[in-house]
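Student: Have a look; sequence and predicted model below, questions after that.
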Amino acid sequence: MLRQVLHEGLQTSFHKLGHFVANHPVFFASAPVLLSVLLGASFSRYRVEEDVEYLLAPKHSLAKIEGNLVDSLFAVNRSKHTLYSDLQTPGRYGRVIVTSRRGNVLDATHVDLVLKVRSKL
């Protein structure tokens, strides 16, 4: 009994829905396209952010103010032959820790070895 009532109710509602869609074909053909265009238009406002500081610190934070002060006082030479110690700028970096088994790392022989490795990079 419940199954028959449910079946009749669904059949009637889908029949009315089918007639409504058939009587308004332009709306049901254009509405999905229009909705997709409107929702897809918001993607044009997205942009890729490359500045790591912008992603990690608020605009008027003390860290940004201090960073701008340091950049203005101590300009960094960003040529391709410069060793970078700042990993927050765009690019690929690597660090090497040089140690010596015997003697001082700043001895002439050790410095020559470091410079030789540096010149091969």
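Tutor: Alright, I've got the coordinates. Quick caveat, the model's predicted, so the values are computed rather than measured. Numbering: from 1, shown residues only.
Student: Now the helix ranked longest in the chain - C-alpha only, CSV.
Tutor: Looking across the chain with DSSP state H, the single longest helix is helix 2-23. The C-alpha coordinates for helix 2-23 follow below in CSV (Å, rounded to 0.1, in the frame of the first residue of the first chain):
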residue,chain,number,x,y,z
LEU,A,2,2.7,2.5,1.0
ARG,A,3,4.7,1.4,-2.1
GLN,A,4,1.8,2.2,-4.4
VAL,A,5,1.1,5.6,-2.8
LEU,A,6,4.8,6.5,-3.1
HIS,A,7,4.9,5.2,-6.7
GLU,A,8,1.9,7.3,-7.6
GLY,A,9,3.2,10.4,-5.9
LEU,A,10,6.6,10.2,-7.6
GLN,A,11,5.0,9.4,-11.0
THR,A,12,2.7,12.4,-10.7
SER,A,13,5.5,14.8,-9.6
PHE,A,14,7.9,13.7,-12.3
HIS,A,15,5.1,13.9,-14.9
LYS,A,16,4.4,17.5,-13.9
LEU,A,17,8.1,18.3,-13.9
GLY,A,18,8.5,16.8,-17.4
HIS,A,19,5.6,19.0,-18.6
PHE,A,20,7.1,22.1,-17.0
VAL,A,21,10.5,21.4,-18.6
ALA,A,22,8.9,20.7,-22.0
ASN,A,23,6.9,24.0,-21.8
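Student: Any regions of this protein where pLDDT drops low?
Tutor: Along the chain, the parts satisfying pLDDT under 70 run over 76-94, 121.
Student: domain assignment for it?
Tutor: As given by automatic domain parsing, the domain ranges for the chain are 2-45, 52-120.
Student: can you pull the contacts of residue 105?
Tutor: Shown in contact with residue 105 (CB atoms under 8 Å, 6 or more residues apart in numbering): 98, 99, 111. C-beta coordinates here come from the backbone N, C-alpha and C atoms, glycine included.
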